[in-house]
Structure formats: structure tokens, C-alpha cells
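Q: Generate coordinates for the sequence data below:
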Amino acid sequence: MPAQARFKDHACPYCGKKFATLQGLRSHTSQISACQIQSKKTVNAKSSPVIPISAALNNGQDQFTPNSYLEPPTPATTHGKRAHVEEVDDDPSSTYDPQWIYEESYPRPAGTPVRPCQTSFEIYREQQKADGSEPWEPFQSQDEWELARWLMESGASQTKIDSFLRLNKIRNNVKPNFKDKRAFFQTIDLLPTGPSFSCTPMEVMGNLKDTNGENRTEVLELWHRDILECISELMGNPAFNEKQEYAPRREFREMKNVAPIILASDETQLSTFSGDKKAWPVYLSIGNIEKAVWRKPSSRAWVLLGYIPVSGLDCYSEDRRSDAGCQLFHDCIKKMIQPLIDKGLAPTEMACSDGFIRSVYALLAAYIADYPEQCHIACCKRNSCPQCTITPKKRGCLEPANSIYREPVDIVDTLAKQSQGYNPSKFKTLNMLPINPFWKDLPLCHIFECMTPDLLHQMHKGVFADHVSSWAKKSIANGDEEIDVRFRTMPPHPTLRHFKKGISKVTQWTGGEYRSMAKVFLGTLGGAADARVIRVVRAAEDYMYYSHFESHCEESLEAMEAAWKTFHAEKEVFVELGVRNQFNISKVHNVLHYPQNIRSRGTLDGFNSETTERLHIDLAKAGYRASNKRRYIVQMTQWLQRQEAVQRFASYLQWAIPGYIAELSGVANDEDEDSSDSADGSEEAELHPVKYTVARRPPLRASVTSIENDYQADWFTWYLDEFLTNHGLASKIPINIQHGLNTLPPFPLYKQLRLQLPPIPEAASESLTDVVHATKRIDAFWTEKGLVKEIPAKTSIVLVRVMGIDPSKGPLHGIQVARVRLLFRLPSEIASFRHPLAYVQWFKPFQKDPVKDLNLFKLSYSFRQHYPHCSIIPVTQIIQTCHLYPAYGRTVDATWTSDNILDKCSTFYLNVYLRHRDFLQFRHRNTMFIKSKEDKVIEFQRKRARPSSSTYEGSEPSESQMPVASKKRKEPEYSNSEGENNSDRPMNNVNNEDENTSMQDSMQLRLPSASGRERLSLLYELGLEDSQIETQRWVEGMHSFNEHKRVRTRSPGPEIANNEGQSDEADALDTVAFSQIAPPGWFGGPGKEGRSSPIDDIDIKLEDERETPDFELPHVRSASINPHIAEIGMLRRKNQTLEAQLETGLRDASAKNSQLTHLLNESRTHNREVTNKLSRTADELAQANARIHQMEAQLYSHNTIFAHVGTIFTSLSLGSGGPEAETFCDTLGAHLNNEYRETQSY
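A: Down below sits the predicted model:
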């Protein structure tokens, strides 16, 4: 088709710009903000998604020739196969009920069966019945089959299997049908198998010459399967029955497609400690299978498509070796998917697991690979983005103008021109490689949109671990040491890995360790890092956690994009601190495409490269370990085919034999239940969504004294009595301080409590088991086997439901944090209660807003009369566990450890990154709630500033001229602190022509006629700013009015008449002053048209006990004022005097109390000093006694030596020692005498 014709068909309907391809139009619409906004406005929730499928290249030869696109159908009649995120109207449930999902079926016939058929299991069973065989044939019995299955799945080598079968115990007692490994594998080969492997030789001709002057060649083996047979195997596997989709089903949080192929490849190391044995497996799955099934490697929803040969390519020179390896990769992948290219757009009939044959269109939808392989696929260098056309020097920018998807047709045309010697400028601009791509002939394939994000290598290891966390540590003085200390003192949690030596000493990181480090890293920066550094780290973590959501809506994607904008807005702080000078990093740029990838291919949890890392164990490394390490690829394929046959036969027996309970590693739930615990009880679902499990028999029993001392459960009996009273339980034994310690029976105690959390769509694969610990500290002790180290106490931090939870009031409404000190059951001797109980120590309630920069909620322990605030509650009030960051300062207290920090630290922050459900609850939903309130305030202010109807233009009408529903609130002139006149303050006008009055409009109309309390309530609902202004003005007016303590009347005008001359001038001035200070509409007018004020809520009683609820007197002149008003004023002045005296007395009492407290503190300090002095004196006395004993021993030794020397001296004197010996003895004797005298004097 001519280029001009294509331009006419692909024009933007919003700006009119024309494009040569449909994909170019789509990229333009998704990148240009103005067109994107217009496109969003046209989305209708009830319409089917109209997303054109990108055209594909025509089927051609392997040589480079320009190819034209196949013309796709018009957008009006094309329904895309891509996941699409719809915008829906605001719904209360959609924001706070994550399980609310909107679904819509495909409006056209799709997935319709062609005809019924028999499944592979049914066909095999009929053959067995025809032969008169049992279901476990070719094995003699079910026991023999289970033995064979165990031998195959044990991972034992062939030599070990042969040794096992030759054991006399096995041959004589078990007597299997197979006597050695040869007979065993022959029996296994009789089982029905899946797609078979074939070997294709790949001859590679290099550029180096051999001794004969010819180019060197290398022949490689490509082992692969037929891709259509693999798809048919997955489609027809009965194990996936009712777990597949055959027709498109649109969900506003997830999308299923028909026959989308998902490929994954990754090179892996096979040899463990030595050697260079590698394999390059290619895996295949289909998007028809439910994501919750195929994302689990144990479900067997992935099949091995083949092994790409791994070679050093010594036939090429070093400068050509890299490009030649990339071309070899493309050639091998093309050979594997050649059946798809040959099939083109023609359907393939396949038997499905539900017993019907369907026409299947197999199309490549996603390719999972790490960054180097993505560059191979995109035919670009590694300093480029494999998805978009951004230049390497602009990778650190947020949204550069040229960051649009690459076009397959442009890439192929550019590669063709380069191969023909034209050297196009795009080849160098896009950093391309001279490669013949495997995807150029695939039907309906946009390969650059098929590339999926890699959360493990791009986000966890790349952006966060390698870059952001490293930059943050460098921005802190002694960053590594300081961060290590904080990691060592971090409180433990069952889902966290505790880094006992810090993180700088870790040399080998795993994906789990990267995640554990990220969960607590933000908390380690508090008090040490710059506020902007904290905001950068927080934004990166928010983006990472949003990326892990397993269900997205438009508001979560917008929050995700806002987090990344914050990261780019604040990242320049690292340049200012000298940590970085630029941010042109590939991984920092690659994550920019995550929101667009989610909109096009669905959530990212199923496309993580961790899936391939796990598949390597079962489909590559286990086979290599079972081989003899020589020509291991062919042995690996044979081993794998036998493994699949065994697993398939196990599934068949489970289907064919009723009650067969073999534990299959199939699609069953992967979570194991703890058989040691049993469900003791749980609340009904409508009362409490969290179920709990405890031990069938409590493992411990403890007295009240042990509970209070060992578990730090102070005032336990008092709180127990309070619990019984609150729950209407009569104790059979008196419970008080005097009798409780001796008369109460031992209490049964639990070590832990297991909670079964409700599932949420955003974290559907996350573990639902939550463990609450409550154990005491056990000191170190010696045994026959050696020293048993000290076991610290385990106490869990939990969220407790203290009142009815109302999501409309925020995600934290009715929730409070507590620390579980004790888990116990009420003894039957005291009372009977259904559920176990927990002794908890409370933290203060959540503050209204999180702290700045960290955006975390600050918590501290709650105290009542200087004692820790505790309670005893049923465990059914516990919602889940949580984790707290200590509020570190510039440095960390040297006495803090991970075991005692919950006791020694007083201030904490709530960790929102512990699990994805915590992030959803405390960060995303809370942010959305705050944003919704801000939107209401903005909307209310916008409506207040909106001009009135054209009926009143030109002059301001009076209230009598306006309708009752649209009367304008008269605002007096206000002045700020600088004396400026603010008379142009926006009026609160209501447009009575607006037919669709919003909730804010209705509240606004109710304000003039509302009472004081109702008025404040409405103002709080409309926005905090207005409420604060109105309340502050009312407080100022009350202060001014209470100075005089008189009841005044208000006349229509500012002047106050005084016919009888009994009201002084100050009274009138007071009334006028208060009327000017009070907000408009807070003083009533004549009759029922007056407006009430917050003063209505203050009960003012006259002497006759009559109330004046509106605080208004009849509208009369002062001549007719009740004469008792003067008396009332006198009484009020007396009341004021009494109040002043009372306040003075309270101040004096408070001062005396402070003095007594000060004296008490001084006395305590003096006592401590005296105690310390006595202790030091006792220590000195003990040291002196020890010294005396030491000197006495020394004296005794000296006396002995002296006597011995005397004996020697006598012998020398009698002998022939001479004068030298005598001199020596005299000197020694003098020395000993001196020491003797010194000892005696001491």
C-alpha cells in the first residue's frame, strides 16, 4: 500500500497529526499528554476495548529485504488482544473494597467449540479397558507405581537407582517388576509422553581461517520441540480444566486473552563449584491458564521448548564474536518458532481440557528475559533501551520527547538498508546491531511491546540495591557503619530476615535478601540522611511496591507514576551532595515503562524473571545432576521427558481412580497446613474476617506472679477484673490485688497464635498466614551437651480493632497498635470464655497525618497516670501483625539491640513496606483517602469562587431578592495582620441553575440555616481550612464576649437605642464588636429568619432555669429589656470571680505539686548517690581485703625465702664461697628485709 494511503488511515483524531503506521499512532496517543487526556475522556466502561492490533511483517526469506505491513482491520471493528485498564466512575467500594472487580464478557462469539472430543486421559483409559488393564498399567500394582515415581522424583542418578534396585531387601521383599536401571527405564518409557525433542544441527561459519585457508566452521546441536505441540499439550492438559479461559474476558483490574504465547529464556550455570557447563533453556506457557496457576513453577504450566547451544564461537575473531553470538540466538529462536511462521494467520484445531476442539490462533504476546537478552532481541547495544528510541545520554530524564516505542517495520527496514550498504542514520542513532531478527516474520507481533519488565534484576537488584540504597549510604557520614548498626538493632518479625552483621558484609545476595533489605531500609535513614534523600528513597520504594501489585486500577497506576515523578524531582540531591554527577543508567530508565506495560500486558507479577530462575532448577539443573556430565544435553532431554511422563501419569491416576490421594505437585494449593496446631475457634465471617488457630492444648501454665514478673504483665489481676466486668462475666473467685496472687489458679498459656488473613487482589499470592508470638525470656544455662544460649522474649506488634471499622472515614479508622505481652486462656475456675485472650500494651492512637518526608505514622507507648496503658482483649480483635521502625537519631544508642529495642526505644514509625498488604492499607489507601479529602476541599473552594448566575450580574442583589435556596452569605470586610483590607474575599454563591447539585452544594446550602454543632460538622466535611477559619473566629468572639459576661441584644443597625438611659455606651460597643468579630450568619435577625451560631451549643440558663438554645433575645429596643438582666450580669461577675479564685487555687496546687515532685526527684537522686557511694565503698573495702590477703601470702613466701637464704648464707660462711658470695647474700637479705618492713607497714 502506498505511503500516502497509509497516512490517510492513521491520523490522530485529537490533534490531526498523521502517521505511517498504526503503532506510531498508538505511541503518539500514549506519549502526548494532551491527546492522552482526550483519549481517556472518550473511554466508556460499557464499551468493548478498541485497541488495534499492530500489523506484522509479511512472510519472507531469511535475507534482509524491506517488508510492508499487513493491513489490519479498521479500528472501529477491531478488538485488541491486549490487557486494558478501564477508567470507571468513582465508587465507594472501588476505593476501599479491593475485592470489588468489574467484569465484562467479550461481546462477540469467541472461544466457541468446533466440536466435542475426548481428552487424552479419556482416550488412554478406554485403551486400558479394551486391553483389560488396570489404571496403573504398565506397573503390576499401585505400590510398584509409587516406588517408581519416588525413584524418578528423588533426583537420584542412574547409578544410585541401579544400586537401590539391586539391594536384597528390595529384590526379595518388595519384588518389583524391574530388577535394574535398564528394566526400570524401559518401564518408564512405556508411559504416555508429551511432545518429543528433536535435534537440529546449526552450522556456524566464522571469519577466521584454518590451515587450509578456508573459513572455520563449528557445528552446534539445537535441541527443541514443536511449538504447536507444546501449546496443544498445555491446552489439552486435564489438570488445567476450569483453570483456562478460551474467550476474552475484560476485567477492570485484569485481562485474559485467547492463546497468547509467553516465552522465557535465560542462560544459567549448570556446574556448581567447578567447570564451565552452561545451558540456555527456552520455556513456553500460554496466557489462557490462570495467572495464579501458571506463575507457580510447581503447577507444571511451563514446558521446556528447547536448549539454545552455548558455545565460545572460537571460529570468530574477538571483535565479531559478540555479534555472531547474538545472531546465533536469533537463528535458534527462529527455528523453534518456525511452525508459527509457517502457520501464519491460519488457526490450528486443538483439543482443550474441557473436552472440546477449538480453533486456536497462536500469537506471541510476551517475552520474559533479562536486560542483556532483551538487547539481543531488540537488535540494539546494551547502552540503549530495548523498547524505546531514547538516546543513551537522556536515560536519566523522566519523560523525554523521543522516549517512544520502537517500530518493528522501521527497525527491519533500517537493518535491511544497513545490510545492503546504505548506512542509514537511524542505524547509528538507535544504537542498532546488524542482526537478522527472528521476529520479523511472526504474524501480528510487536516484539518491543512483548518485552516484559524484570522486577528482580531491574527494580530490586538494579535500581534499589545497586543504585538508590548505595547513593543514600554514601550521602551519610560513615554510611556503611551507621546503616549496619541500624540493621543490627532492627526489631524482628517472622517475615523479615534479620541482618545480624549488617548489610555491608553480605557478599552473595538472593532475591529474598534484596526484598528483606528494602523492607526496612527507609527506617534506617531516619535522623541520619538528608530530607531530600529520604524522599528519593521513599519514592523508589513506593514505585517498587506498586509494581508488585497483582491487581491495578487507574488510580493505583496514577499513584505509581506520581511516585516516579517524585523520584526524578528529588534525585538531584545526590548531585548536590557529590554522590553522582549524572543518572544516565539503563535500569533507571527501563522502569519508566512499567505503567505502560501494565496497561498493555497486565500486572507484572507473572512476568518476573524469578520465574525462570525457579524453572532452571526443575528443567535444567536437576537433569544435569542426573546425567554423567558427558553429552549432558541429550541426557537432560531424555530425563525431562521421563519426568513429564511420570507427572502426567500421576495426574491421570488421580483422574481415573476415585479417592486416589497421591500428593501431586500440580495445581493444588502450595501452602502446607501446620498439623501440630488445630483450629480452636474463629469468629463468623460477617463479624470478623480474620480466623485464628492455636494449639489444641496450651503448652504452658503459669501463676499470676510468674505472669507479672516473667512476661512483664503488670497489674494483670486488675486488668483481668476489668475485662470480666466489661464482658459481663461473673468471676467465681475474688480477683483483686490482695487475693489474686495466692488464690487464683494457674493460667494456660500459648506461645503463638496463627491468623488466617483475608485474601486481597493486590497481593493474591502473598502468604495468608500471620503468626503472633508471646514468649518469655529464657536465660542461658549449661547442659550435658554444652551451653544453651539465652533465648530472648518474643512479643509481636499487632493491629487491634478497637471499634467498628468504617472505611469511609479512612483506612485507619477503628484500628490501634498494641504489643502482645501474653496469650492465655481464661481458667474454668474463674469464668468461661470462648476465645483465647491477649494481654496487650497499647500505643497511642494514629495521628491524623503521617510525618513529613518519611510519610510514615509516628507511634509511641500510651501511659495512664505514669503507668503503661494495658488491656486484656479477646484475640478476635487482633487484625494482623505489623512492624515498627525505631525512631533513630543522628546516632544509635550503644545499648540498643534487636532484642531490647522495643523496651528501650520510646518512639517508632509504622513500617508500611513489611508486606504488600501493609503497603496497600497504610500507604496507598491512606494516600487515596487524603487525596479524596483534598479534592473535596478544592472542589468546595472552586464552587465558592464560582461566579453567580447571570441574573444577578451587574449589581449585588439583596437577600429578599434572592431565592431561599440560593441566598448569598454576606461577608463583612476582614483585615489581616498587616492591616490590609480583604473585602474582595470570594463569596459563597450557589448557582441555582445547576441541575446536578453535588454533595458539596447540598452541604453549602444547609450552612446558613444550620445550628452551631451541625454547622461545624458540615464545615469539617467540606474542608478543614474553612472549619478552622470559622472555629477560630468563633473562639475569638467568645473571648471578647466573655470579658464582659453580659447578655446583649442586637438591633438591625449598628446603633443601639437607649430610651431609658440604663444601658451604658460600652454595652452597645461590646455588641457591635462581637457582631463584627463573629463570622457572618452567626447572629440572628428578626423572627425565624435569624441564623444560629456555635454558641447555640452552649447551655446558658437564667435564674428561672429557662434555656435560650439559640442565644438570642427578642428583637426589641433596650427600653423593654428585662430588669433582671442587670442582676444576671452581677451574678455572672460573681461567677467570674469564683472562677478566678478557683483557677488561682489550681495554679497554687499545681505549683506545690511541682515542688513536691521536684523534692521527691531530688530525694531519689540523693538516695541513688548514697547507694552508689556505699556500693563503691564496699567495692573498695573488698579490694583492700583482697590486697591484704595477697600481701600476707607474699609475706609468708618472703619469710620462707629469707629462712632459706639464711640457710644458704650459713652454708656459704662455713664453706668456700668467698667474699663475692657473702656480698650477694648481704644484698639479698637487705632487700628482703625492706620488703618485709613494707609489708608490715601496709
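Q: only C-alpha atoms for contact and neighbour calcs from this point on.
A: Will do.
Q: for the nearest residue to D770 once chain neighbours are set aside, helix, strand, or coil?
A: Nearest non-adjacent residue to D770, counting by Cα to Cα, 6 or more residues apart in numbering: L755, 4.9 Å away. Classification of L755 by DSSP: H, G, I helix; E, B strand; the rest coil places it in strand.
Q: count of residues packed around L755?
A: 23 (other Cα atoms under 10 Å).
Q: Kindly report the same for H493.
A: 20.
Q: Pull the contacting residues for it.
A: Counting by Cα atoms under 8 Å, 6 or more residues apart in numbering, H493 touches S796, H883.
Q: Distance of it relative to C882?
A: 8 Å (Cα to Cα, to the nearest Å).
Q: Show me the common contact partners of these two, please.
A: S796.
Q: the longest helix in the chain is where?
A: Across the chain, the helix with the greatest residue count (assigned by DSSP state H) is helix 1124-1214.
Q: which residue packs closest to H224, ignoring adjacent ones?
A: G306 (3.8 Å).
Q: quick one: low-confidence ranges for the stretch 301-450 of the chain?
A: In the predicted model, the stretch 301-450 of the chain carries pLDDT under 70 at residues 400-402.
Q: all strands for it, in order.
A: 303-308, 348-351, 356-360, 363-368 (DSSP state E, counting those that start in this stretch).
Q: returning to that earlier point: give me the mean pLDDT for the longest helix of the chain.
A: Across helix 1124-1214, pLDDT averages out at 73.
Q: who does it touch, helix- and strand-wise?
A: helix 1218-1241 (3 or more Cα pairs under 8 Å, 6 or more residues apart in numbering; DSSP states H and E).
Q: circling back to that earlier point, so who does the residue nearest to H224 touch?
A: F197, L222, W223, H224, R225, P281, V282, Y283, M336.
Q: Out of those residues, which comes closest to L854?
A: L854 has its nearest neighbour among the contacts of G306 in Y283, at 42.0 Å by Cα to Cα.
Q: Now for the closest one, how many residues are close by?
A: 22.
Q: Dihedrals phi and psi, it?
A: phi -110, psi 160 (degrees, to the nearest 10).
Q: now swap in S265 and tell me
A: phi -140, psi 150.
Q: That one is in contact with S285, isn't it?
A: No: taking Cα atoms under 8 Å as the definition, S265 is not a contact partner of S285, at 11.8 Å.
Q: pLDDT weak spots in the stretch 601-750 of the chain?
A: Within the stretch 601-750 of the chain, the ranges that satisfy pLDDT under 70 run 661-689, 735-742.
Q: what about the helices in it?
A: For the stretch 601-750 of the chain, helices defined by DSSP state H, counting those that start in this stretch occupy the ranges 610-616, 622-625, 632-656, 704-710, 716-726, 737-743.
Q: Those: which one's closest to G804?
A: G804 lies closest, by Cα to Cα, to one member of the helices of the stretch 601-750 of the chain: helix 716-726, at 16.9 Å.
Q: which helices and strands does that closest one pack with?
A: helix 704-710, helix 737-743, strand 870-874.
Q: give me that answer again for 7 Å
A: strand 870-874 (3 or more Cα pairs under 7 Å, 6 or more residues apart in numbering; DSSP states H and E).
Q: Now do the strand it packs on against helix 716-726, angle only.
A: Orientation check (axes from the mean of the first three to the mean of the last three Cα atoms, to 10 degrees): strand 870-874 against helix 716-726 gives 50 degrees.
Q: now strand 870-874: mean pLDDT?
A: Computed over strand 870-874, the average pLDDT equals 95.
Q: before we move on, what about stretch 141-156?
A: pLDDT averaged over stretch 141-156 gives 88.
Q: Mind listing what's buried along that stretch?
A: Within stretch 141-156, the residues that qualify as buried are E144, W145, A148, R149, L151, M152, A156, counting by 16 or more other Cα atoms under 10 Å.
Q: contacting residues for the second one?
A: W145 makes contact with W136, F139, according to Cα atoms under 7 Å, 6 or more residues apart in numbering.
Q: for the buried residues of stretch 141-156, which one is nearest Q1183?
A: Relative to Q1183, the closest of the buried residues of stretch 141-156 is A156; by Cα to Cα it sits at 68.4 Å.
Q: Next up, the contacts around the nearest residue to the closest one once chain neighbours are set aside.
A: Take A156 and drop its neighbours on the chain: the residue closest to it by Cα to Cα, 6+ apart is A626, 6.4 Å away. The neighbourhood of A626, defined by Cα under 7 Å, 6+ apart, consists of G155, A156, S157, Q158.
Q: of all these, which two lie farthest apart?
A: Largest pairwise distance in the contacts of A626, by Cα to Cα, is 9.4 Å, between G155 and Q158.
Q: Redo the strands of the stretch 301-450 of the chain as a markdown table? Include distance to R601.
A: Below are the strands of the stretch 301-450 of the chain laid out as a markdown table (distance: least, Cα to Cα, whole Å):
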| stretch | distance to R601 |
| --- | --- |
| strand 303-308 | 21 |
| strand 348-351 | 24 |
| strand 356-360 | 20 |
| strand 363-368 | 8 |
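Q: What strands line up against the top strand by length along the chain, and which way round?
A: Ranked by residue count under DSSP state E, the longest strand found in the chain is strand 198-209. Sheet pairing of strand 198-209 (DSSP bridges) gives strand 215-224 (antiparallel).
Q: Same question for the partner strand: list its buried residues.
A: Using 16+ other Cα under 10 Å as the test for burial, strand 215-224 gives R216, T217, L220, E221, L222, W223, H224.
Q: What score does the closest residue to the second one other than its chain neighbours have for pLDDT?
A: In space, and not counting its chain neighbours, T217 is closest to M205: 4.3 Å by Cα to Cα, 6+ apart. According to the predicted model, the pLDDT of M205 comes to 90.
Q: So A838 lies in a helix, does it not?
A: No: in this structure, A838 is strand, not part of a helix, as judged by three-state DSSP.
Q: Surely it touches I872?
A: Yes: under the criterion of Cα atoms under 7 Å, A838 makes contact with I872 at 5.6 Å.
Q: Which parts of the stretch 551-700 of the chain are strands?
A: Counting by DSSP E, counting those that start in this stretch, the strands of the stretch 551-700 of the chain are 677-681, 691-695, 700-702.
Q: Now H457: closest residue in space that isn't a chain neighbour?
A: According to Cα to Cα, 6+ apart, the nearest residue to H457 is D370 (7.1 Å).
Q: Compute the first-to-last residue distance for stretch 448-460.
A: 23 Å.
Q: just to revisit the earlier point, relative to A818, which of the helices of the stretch 601-750 of the chain is closest?
A: helix 716-726 (15.2 Å).
Q: mind checking the SS state of I879?
A: strand.
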